[in-house]
Structures are given as structure tokens and as C-alpha cells.
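Chemist: what follows is a protein structure lacking sequence information:
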């Protein structure tokens, strides 16, 4: 009964991966879990690209690093010092080695054909299910959202009606942080109407 | 190890609830689970309104039914017959009795102050965590998304920087459907790049 909460609590955002390959069966289970998620009008309005090809991972990394560099340049120009400070404390770098280190990348696209049935929201429910399934299989991931993301359509030859939402690397964490991520107290996020 | 997948698979979208009250402790556990979800820059960019007051539930129901009626009128005007047929097969009605029958409504808002840190996406990860936690606690829910939703700000006196995303009723299902919701085969939603 508490297993679900244990999975939720022990998950850690992971940016460093071992080379150890991931069994195809585990990848399938993670995606199958995503398909269990509810969706608007039951459309399951998403597409998952499973990228294991090293050349494609390399190209994705190069493009991601290019948009990241531009993103931080804009943040600096806009003097968003609070954001830049946060980035520093988290040791987040423009270099996205996890995109080539992780043996698998799941690039998750929303099918915008069903936009009026909440396709983005539904896709993020599916992403949450996959994040939890990865943890359940002993794998780690990071919810990586470069801006913009449309280079993924080009590299993976996926029509633009599918809009990229996230890259979830899948692999075994090089080391697991003990410390939980900062979370608010429940009372900071709740209002009661009794 | 398969418990997570069992929770995911046995969940059913539920529109009919018993009057049986829900323990405050269970509500807290569901929300706490939502707070475990990862979020962009760790902002936890959401607010959960826990509505148990019968008058407020009644007002929410009335406003929801009003926007629903308008929504379907527009669909009919636009001759969206495929959508209207789907609605019929699911026995979805403009009458939203679950908004007053369920003992608790969780109205979940996104904090748009953090929009550039993916506050909508993060909030939907939190919603997925809460949906799974509800099932884990023996409760049922439905991912209810009236359009527009801003009547919730007014009724609950919540500033407009918080944008409503969903109403999750919480309660005990009157009956649990055996049949699983329609889902695609995994191969219909996956592309491999080896």
C-alpha cells in the first residue's frame, strides 16, 4: 500500500548515467505504463520516439546544447538573475552529456490533432506514469525540456503535428543522491473550503 | 514490483460516487503524493483547493453545467459530429452530479508566475501523481476539465495568477467498471530509432 509512495519519494532527477545498456523489455514496460494513463476522450494523444542510435543521440545533444546556449544568453540579456543563480546551485550546465551517456532517450510528442481534447495535459499525465515506471524498473531519468524543441521533429523525421514535450533519458544512475529535492510543506500549497 | 502497474491498470474514470465521507487523512495523502512530483526548477507551481463545503460544491456544479451547455452548443454549431457521438457512447451528460455527489473536490490550479519554468506541465505531473494516489487509497476520481474554468477563481476567491487546470472529485465509486478503458497497442504509439 505504501509502495506507490515509496516509488514517488525515492525517485531522483538524474543527469549522470552508467554505460550499462537497458533491456528492451524494461523500455517496453515504461512505455506500456505511459499508455495506462487516462487521456481526454481516451485519445492517448502522444507518440514516443525510442532513440538508441548513437548518431541520432549525438545529433540531439548537439542541437539541444545549441538551443540551451541561446536560452541562457537570452536569460542573461533579460538579467534573470534569480533563475541563473538557481541554475548554478543545481550544477546545471549547457553541456548535456546525459543525452549521449544514457543508453536510451524517450522523446515524447503530443499529437496536436487532439488539442481540443487536452492533448498536452494528457501527454503530461503519460509522462508522469513513465517517470514512475522508470523508477519502478530501477532506472533513472530527468524531465528535460529544451526550448524550443522542434529540432526533434527534424532529426527524428516526425511530422510537425506531433509537438515535442520532453526528452526522458533512460538509464542506470551513476550515483543516487540521498537528499530529496526541495518540496513545499503541504499547507503551503493547499486551501481548505469546509 | 508489479504493484505500481496494478494501480495504474485498475484505476477507472468514475462519475458516480457514494455519499460515504472521505477521511481527512486520505485527502492529505493524496495531496502529499502530488507534492512528491518533480517540477520545473523545483517550483511546485500549483495550488490545491480542497472543497468540502456543500454550498460551494453546488455553486461549482451550477457554473460547470452552464459552461458545459455552452460548450456543447458550440460543438453542435460547428457540427463536430464525431465528438458528439463519442460523448453519447460514454453517457456523458451536461448534468455534472459528481460535483455535488463526491464528498470532496480537489480544484487544482497552476501558478502562472512560473510559466517560463513549465508550470502547466509540472502541474499535470502533480495531477497524475494525485490520480494514482487516489486509486492507491481506494478512492476514485475523474479528470474533469470544463472550458473555460475561470469560474473557479471567482467561487473560491483565488487570484487569477492561479489558473485552474482540473477538478478531481474524490470519493468512493458507486460501482467499479470491470472493463478497462480503450487503449492503443504499444506499437501504435512508438517509433524505434536503433
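Modeler: Thanks, I have it. This one's a predicted model, so the numbers in the text were calculated from it and none came from an experiment. Numbers count the residues shown, from 1 in each chain, chains lettered A, B, ... in the order given.

Chemist: and stretch A:183-194, which residues are buried?
Modeler: Applying a neighbour-count criterion of 16 or more other CB atoms under 10 Å in any protein chain shown, one finds A:183, A:189-191, A:193 buried in stretch A:183-194. Backbone N, C-alpha and C define where each C-beta goes, glycine included.

Chemist: mind checking which of those residues land in strands?
Modeler: Cross-referencing the buried residues of stretch A:183-194 against strands under DSSP state E gives A:190-191, A:193.

Chemist: how about residue A:138, what does it touch?
Modeler: residue A:172 (CB atoms under 8 Å, 6 or more residues apart in numbering or on different chains).

Chemist: and if you look at residue A:164?
Modeler: Shown here is residue A:164, whose contacts under the criterion CB under 8 Å, 6+ apart are A:107-110, A:149-150, A:152-153.

Chemist: if we can go back for a sec, of the buried residues of stretch A:183-194, list those near chain B.
Modeler: When CB under 8 Å from any CB of the partner chain is applied, the members of the buried residues of stretch A:183-194 adjacent to chain B are A:183, A:189-191, A:193.

Chemist: can I get these in CSV with pLDDT?
Modeler: What follows is these, written out as CSV (pLDDT from 0 to 100):
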residue, pLDDT
A:183, 97
A:189, 98
A:190, 98
A:191, 98
A:193, 98
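
Chemist: quick one: which of those residues is nearest residue A:127?
Modeler: Nearest to residue A:127 among these, counting by CB to CB, is residue A:183 at 19.0 Å.

Chemist: tell me the pLDDT of the spatially most central residue of chain A.
Modeler: With distances taken as CA atoms, centre = their mean, residue A:143 lies nearest the centre of chain A, 2.5 Å away. Residue A:143 carries a pLDDT value of 98.

Chemist: before we move on, what about residue A:107?
Modeler: In this model, residue A:107 is scored at 98, pLDDT.

Chemist: got the contact list for it?
Modeler: Each residue near residue A:107 by CB under 8 Å, 6+ apart is listed here: A:48-49, A:51, A:60, A:152, A:156, A:164, A:166-167.

Chemist: what is the least confident helix or strand in chain A?
Modeler: Ranked by mean pLDDT, DSSP states H and E, the helix or strand of chain A with the weakest confidence is helix A:81-89, at a mean of 79.

Chemist: quick one on the thing from earlier: among the contacts of residue A:164, which ones are buried?
Modeler: Buried members of those, counted by 16+ other CB under 10 Å: A:107-110, A:149, A:152-153.

Chemist: those: which two are farthest apart?
Modeler: Between all members of the buried ones among the contacts of residue A:164, the longest pairwise span (CB to CB) is found for A:108 and A:153 and amounts to 12.7 Å.
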